[in-house]
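> coordinates for the following, if possible.
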Amino acid sequence: MQLDILTPERRIYSGEVYGVQLPGVEGSFEVLDRHAPLIAALGQGRMKIITSKTSHELWTITGGFVEVLNNKATVLVEGAKEMNA
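All right, here's what the predicted structure looks like:
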C-alpha cells in the first residue's frame, strides 16, 4: 500500500508500507494493504507506520484526517514528530 503523510508545511513520509495504525477520534484503528475505501478524522496520539511484518516507525500526531482509496492512504495532519524507537 502506498502511504503519504502530509503536514501544512511539507510531506513527511511517502513510500510503500504493510500498514498504518492511527489514532481515530473515537479510538485507534489500523489500515492494511487492500483496505476498503475510508475517510476518517484523527485525534492526537501515536501513529505507527508498519514498514514490513517485522519493522515499524512511531510518530506522534496532533490530529487531522486520513483517506484510503485505491490501495493508497493519504494522512493529512496538523503536525507530526517522529518518536525514538
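
> and the worst-scoring helix or strand of the chain on mean pLDDT, what's buried?
None of the helices or strands of the chain scores lower by mean pLDDT, DSSP states H and E than strand 80-82, at a mean of 93. Going by neighbour count (16 or more other CB atoms under 10 Å), the buried part of strand 80-82 is residue 80. (Each C-beta comes from the backbone N, C-alpha and C, glycine too.)

> run through who's touching that strand.
5, 7, 12, 47, 57-62 (CB atoms under 8 Å, 6 or more residues apart in numbering).

> strand partners of it, parallel vs antiparallel please.
Under the criterion DSSP bridges, strand 80-82 sits next to strand 56-69 (antiparallel) in its sheet.

> from the chain's centroid, how far away is the strand it pairs with?
3 Å (CA atoms, centre = their mean, to the nearest Å).

> so what does the following helix or strand past that strand touch, helix or strand wise?
Note on strand 56-69: by DSSP states H and E, the next helix or strand toward the C-terminus is strand 72-77. With contacts taken as 3 or more CB pairs under 8 Å, 6 or more residues apart in numbering; DSSP states H and E, strand 72-77 sits against strand 2-6, strand 19-24, strand 38-50, strand 56-69.

> can you pull up the bridge partners for the nearest residue to residue 66 once chain neighbours are set aside?
Nearest residue to residue 66, sequence neighbours excluded (CB to CB, 6 or more residues apart in numbering): residue 75, at 4.9 Å. Counting by DSSP bridges, residue 75 is bridged to residue 5, residue 66.

> now residue 21
With DSSP bridges as the rule, residue 21 is bridged to residue 30, residue 48.

> and for residue 34, the neighbour number?
Here the number of neighbours of residue 34 (other CB atoms under 10 Å) works out to 9.
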